[in-house]
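Trainee: Got a predicted structure plus its sequence, pasted below:
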Amino acid sequence: MKIAHLSDIHACSRGIDEVCKVFDYAVDVCIAREIDVMVIAGDLWDRTIDVTDKSALYPIMRIMQKAASRFPILLVYGTLSHDQPGSLDVFVEMDTKYPVYVSNGAEIVRYVSKKAEVEGKGSVMYRLSDETIGRVLTEEGLSMEDGGGCLFYTMPGVKKSSVVRELIERGMSGNDSEIGDFLRSIVRAYGVIGEEIGHGIPKIFVGHITVAGSSLGNGQVLIGADVEISKGDLLMAKADYYALGHIHNHEQPALPENMKYCGGLWHTDFGSIGEKGFWLVEFGRKADVGSADVLARVEWIRVPAVPVVTHDVMLINGENPYHLEKACEGEAKARYRYYVNPSDNRVIDKARVMALLVKMYGEHRHKIERHVVPVERSRVDDHDWHGACLRDKVKMWGVAMERDVSEGVLEKADAVEQEIEL
Ligand SMILES: [Mn+2]
């Protein structure tokens, strides 16, 4: 059995041509490689989807239609602000050969091999009801080996505040350790149930969640604000493979081999670097583990996303900000960062830089960032403080307080500022 693991497609009218190009490319690879199921681990959409001629809805529906004519698709809701409530249900309504199953809550979804010649598309992929699970557990009424396939354990994106509210309603305080217990109880249930009813077939966890210790593309490690789960807790699901979404970086050295983030198919923001693509995951029978299908191979498939080129201009060294060499062949997007002293942080003619970038990279293909480099001094004066970006304020605070500020903290400051600007 073979699945494709995608996530964080972030389709919206901005950049829709690129989204369609890479998504369609991915679907074509999946067709050529004859996958059994496509899994999308959240954030298919980027924001509210309007029904207009500029809408991302129609082009994405066309690609989904093409995909679902060849294999079933499991879609999991992502972050609330991206996959807004109900926004994925449109795919369930489409008339497709194979089902598009949309998961909006933690549940066990049974996939029966499409080669099993089942009647009606719904029977290829369906939710295992509590009643069915109960019956299987008590009476061994259903042989999960019939029809091959696999079990999916889903965990859609959750908003921390909603979990807290839920816990408070149950008479708890809603603190982080209770959130941890809550997630752990779901994951542990998957492990227990799967062991009982999933003999011989792969178990695949599909979740839109932060695993503690994961890193962003820039090397920063996430901490705090999100609902997160430790990899040890997640392993309690005893899944053969973990298809994760949410973090836009597929390279995660801290995670086990069978736990992957897809990282998205294109550079949705200018901060991410590196390749974009998805995972092709194969399960097979191995002699030394008896008759069970286990994880056999994980392959990274690169998609032709437009690369991001970073131009760092050091005005503090007197570099000419308007003299740029295009740093790569062909199509690219540009991130232009300039570094100035606090006293002359307004020296640059942004319109001129913008015109230059548009000429080199095209419309809407760039981002300009200013970084103020403070001059060392014993106290921060108001003149420097005013107009500085958050990174520099943090740096200046460090200088004034005689405290070391790590690069990780500064990157966090950049991320916060970027978030506010968005
Ligand atoms: Mn995302």
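Mentor: That came in fine, so what should we check first?
Trainee: Could I get the contacting residues of the closest residue to residue 11 other than its chain neighbours?
Mentor: Using C-beta to C-beta, 6 or more residues apart in numbering and skipping the chain neighbours, the partner closest in space to residue 11 is residue 56 (4.4 Å). For every residue, glycine as well, the C-beta is placed using N, CA and C. The contact partners of residue 56, taken as C-beta atoms under 8 Å, 6 or more residues apart in numbering, are 11-13, 16, 19, 45-46, 49.
Trainee: Report the central residue of this protein.
Mentor: Of all residues in the chain, the one closest to the mean position by C-alpha atoms, centre = their mean is residue 246, 3.0 Å from it.
Trainee: Name the next helix or strand downstream of the lowest-mean-pLDDT helix or strand in the chain, please.
Mentor: Among the helices and strands of the chain, helix 382-385 carries the lowest confidence by mean pLDDT, DSSP states H and E, at a mean of 57. Note on helix 382-385: by DSSP states H and E, the next helix or strand toward the C-terminus is helix 390-401.
Trainee: what residues does this structure put near the ion?
Mentor: With C-beta under 5 Å from the ion as the criterion, the chain meets the ion at residues 8, 43.
Trainee: Report the residue ranges of every domain in the chain.
Mentor: Taking automatic domain parsing as the domain assignment, the record places the domains of the chain at 2-302, 308-421.
Trainee: per-stretch mean pLDDT over the ones you listed, give me the minimum one.
Mentor: Lowest mean pLDDT of the domains of the chain: domain 308-421, a mean of 82.
Trainee: all strands of the stretch 201-350 of the chain, in order?
Mentor: Per DSSP state E, counting those that start in this stretch, the stretch 201-350 of the chain has strands spanning 203-208, 210-211, 228-229, 241-245, 259-261, 277-285, 293-302, 308-314, 333-340. These are given in chain order.
Trainee: Now mean neighbour count too, for those, in CSV please.
Mentor: Listed next are those as CSV, based on neighbours: other C-beta atoms under 10 Å:
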stretch, mean neighbour count
strand 203-208, 27
strand 210-211, 22
strand 228-229, 21
strand 241-245, 28
strand 259-261, 23
strand 277-285, 20
strand 293-302, 15
strand 308-314, 18
strand 333-340, 20
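Trainee: Same list, those, but as TSV with distance to residue 108 please.
Mentor: Conversion of these to TSV gives the following (distance: least, C-beta to C-beta, whole Å):
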stretch	distance to residue 108
strand 203-208	9
strand 210-211	20
strand 228-229	18
strand 241-245	15
strand 259-261	19
strand 277-285	17
strand 293-302	17
strand 308-314	39
strand 333-340	41
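Trainee: if we can go back for a sec, quick one: the residue nearest to the centre of the chain and residue 4, what's the gap?
Mentor: From residue 246 across to residue 4, the span is 18 Å (C-beta to C-beta, to the nearest Å).
Trainee: Give the helix, strand or coil label for the closest residue in space to residue 237 that isn't next to it in sequence.
Mentor: For residue 237, ignoring the flanking residues on the chain, the nearest one in space by C-beta to C-beta, 6+ apart is residue 190 at 4.2 Å. The assignment at residue 190 comes out as helix when based on DSSP: H, G, I helix; E, B strand; the rest coil.
Trainee: Surely residue 190 touches residue 235?
Mentor: No - because the distance of 10.9 Å does not satisfy C-beta atoms under 8 Å, residue 190 is recorded as not touching residue 235.
Trainee: Going by how many neighbours each has, rank the two and give me the top one.
Mentor: Set side by side, residue 190 and residue 235 show unequal neighbour counts under other C-beta atoms under 10 Å, the larger going to residue 190 at 25 against 16.
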